[in-house]
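Engineer: Build me a model:
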Amino acid sequence: MKKMTLALAIMTSVGLVGCANTDIYSGNVYEGNQAKEARSISYGTIVSSRPVKIQADNQGVIGTVGGGVLGGIAGSGIGGGTGQAIATAVGAVAGAVIGSKVEEKASQVNSLELVIKKDNGQEIVVVQKYDASLTVGRRVRIVGGSTLNVSAL
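Structural biologist: Model (predicted):
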């Protein structure tokens, strides 16, 4: 029973990784240090876009450790003696690899790479969280300097 409770707790933790806040990659969200700061504004038109992924910075050890523990628990139920020890070790390693990949995929954000032609003729590239209103030909407002937020007009 203890193994089942531990496995359930770890699976819940791994599942919560996918709930990490990814709104920070949106053009509608500012970081705390950007508040009460004068920022430049310019305008332009989206000339091309393509779907990309942003790999969120929240990758930790939850997926790796959680997967390893679950794999070890699953492996420990196989055989007995030396065979059980080997199955536990193999299960833990396989679980850790799978858990790490699951966490990596869960923390990716659907995004757009936007090529924008500013009104001054300069072209820039901005990557931010997917927003259906950011389409080719759309006029946009560009706020910021080196860190930009793009929003549709």
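Engineer: The biggest strand by length in the chain - contacts with which helices or strands?
Structural biologist: When the chain is parsed with DSSP state E, its longest strand is strand 41-55. Counting contacts by 3 or more Cβ pairs under 8 Å, 6 or more residues apart in numbering; DSSP states H and E, strand 41-55 is packed against strand 108-118, strand 123-129, strand 139-144. All C-beta atoms are positioned from the backbone trio N, CA, C, and that covers glycine.
Engineer: of all those strands, which lies closest to I54?
Structural biologist: Evaluated over the helices and strands packed on strand 41-55, closeness to I54 peaks at strand 108-118, with 4.4 Å, by Cβ to Cβ.
Engineer: Mind listing what's buried along stretch 142-153?
Structural biologist: 142-144, 148-150 (16 or more other Cβ atoms under 10 Å).
Engineer: got the CA positions of it in CSV?
Structural biologist: Output of stretch 142-153 as CSV, limited to C-alpha atoms (Å, rounded to 0.1, in the frame of the first residue of the first chain):
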residue,chain,number,x,y,z
ILE,A,142,6.0,46.7,-30.5
VAL,A,143,6.8,47.7,-27.0
GLY,A,144,10.3,47.6,-25.4
GLY,A,145,14.0,47.7,-26.3
SER,A,146,15.9,44.4,-26.1
THR,A,147,12.9,42.6,-24.5
LEU,A,148,9.9,43.1,-26.7
ASN,A,149,6.1,42.6,-26.4
VAL,A,150,4.2,42.4,-29.6
SER,A,151,0.4,42.9,-29.7
ALA,A,152,-2.1,43.2,-32.5
LEU,A,153,-3.7,46.6,-33.2
